[in-house]
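Enquirer: need a 3D model of the following:
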Amino acid sequence: MGLFSFFTKEKKEDLDKGLEKTKDGFLSKITRAIAGKSKIDDEVLDNLEEALVSSDVGLQTTIKIIKRIEERAAKDKYVSEEEMNRLIRLEIENILAENKNTDLENFDTPADKKPFVLMVVGVNGAGKTTTIGKLAYQFKKNDKKVLLGAADTFRAAAVDQLEVWAKRSDVEMVRGQHNADPASVAFQAVERAVAIGADVVIIDTAGRLHNRIDLMNELTKIKRVMQKVVPDAPHEVLLVLDGSTGQNAIEQARQFTAATQVTALAITKLDGTAKGGVVLGISDQFHIPVKYIGVGEAIDKLQVFNKRLFVESLFKK
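Expert: The predicted structure follows:
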């Protein structure tokens, strides 16, 4: 399946609509920064820096982008706003490309990993359980047999919410008693996934912002017991971050990456915020690929992340 067969016109329209608030602020700030300029001078660079920082790209990533633009401008002569705009866009694409962002074509899993064990982490309220439900739906739609494990046992509401999503997605769910050992639920879920020949098992984990030691111990235990069934589990640790929180999402990423080995990111709620620039900062600072983005509340509005189409949407007039 080719890129443009998966990213249908409808999906690209969903992306454009989901990033509309970010784009309106981001593009207008970039446009103002280079308006009427025929070269990239100190004033343009200062204006660009302000535009990027105020779009929640983050200071560290902004400085990197500005430095690269300055170096390119020293070598090349830019005589139009269009050319400058293209340079800025290219450097933003390069930032994403350097940080392991491999463009997926669909919701798929490696053929040699069955069941593919996906452990999901993130704070309460970031959209973790909702993202799991949407992932289950998309995997199921892609002809995968999916099972969910409700290992966030400390919040009955979280288990109930996951069960609602399991029913919506028409997938099986393994749950334990309230306050049960999360690792035991994860073990039962992976064991059940093997027994029924599931392609994917998604494990929800507690979203409490407890200290790193406790978090690390809990997640390490979950990994250890799952490995009794599937020796190389989990195959992916997906951190879910709320894009609408801007720089707070970066702090959450810092907390979780300190506690466990996060291998992929899902950025949610981009449709309700002008802070979508945080996707660039998070990807750059933590060198972890953004794999999924949420561009709407509906069950089918979770998308695999494509860096080129993301940047294209940001710069679309």
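Enquirer: and stretch 125-144, how far from the chain's centre?
Expert: Relative to its chain's centre, stretch 125-144 lies at 13 Å (Cα atoms, centre = their mean, to the nearest Å).
Enquirer: I would like the residues contacting that stretch, please.
Expert: 106-109, 118, 120-122, 146, 148, 152, 158, 161-162, 164-166, 168-171, 199-200, 202, 204, 207, 238, 240-242, 252, 266, 268-269, 292, 294, 299-302 (Cβ atoms under 8 Å, 6 or more residues apart in numbering). The C-beta positions use only the backbone N, C-alpha and C, and glycine is treated the same way.
Enquirer: buried residues in whichever strand or helix holds residue 136?
Expert: Per DSSP states H and E, residue 136 falls inside helix 128-141. Of the residues in helix 128-141, 128-140 count as buried by neighbour count, 16 or more other Cβ atoms under 10 Å.
Enquirer: and the next element down the chain from that helix?
Expert: Later in the chain than helix 128-141, the nearest helix or strand by DSSP H and E is strand 146-150.
Enquirer: can you pull the contacts of residue 153?
Expert: Applying Cβ under 8 Å, 6+ apart, the residues near residue 153 are 159, 176-182, 185, 206.
Enquirer: what's it sitting at in phi/psi?
Expert: Dihedral pair for residue 153: phi -80, psi -10, per degrees, to the nearest 10.
Enquirer: wait, what's in contact with residue 28?
Expert: Not one residue lies near residue 28 by Cβ under 8 Å, 6+ apart.
Enquirer: in stretch 28-37, what's buried?
Expert: Residues of stretch 28-37 classed as buried: 29-30, 33-34, 37 (neighbour count, 16+ other Cβ under 10 Å).
Enquirer: and the closest residue to residue 156 other than its chain neighbours, how many neighbours does it have?
Expert: Distances taken as Cβ to Cβ, 6 or more residues apart in numbering put residue 178 closest to residue 156, at 5.2 Å, once the chain neighbours are dropped. By other Cβ atoms under 10 Å, the residues close to residue 178 number 10.
Enquirer: for residue 178, give me the pLDDT.
Expert: Looking at residue 178, its pLDDT stands at 80.
Enquirer: is it fair to say it lies in a helix?
Expert: No. Per DSSP: H, G, I helix; E, B strand; the rest coil, residue 178 lies outside any helix segment and is coil.
Enquirer: check contacts around it.
Expert: Counting by Cβ under 8 Å, 6+ apart, residue 178 has contacts 153-154, 156, 159.
Enquirer: of the residues you listed, buried ones?
Expert: Buried by 16+ other Cβ under 10 Å: 153, 159, out of the contacts of residue 178.
Enquirer: and of the contacts of residue 178, the nearest to residue 309?
Expert: Nearest to residue 309 among those is residue 159, at 35.4 Å by Cβ to Cβ.
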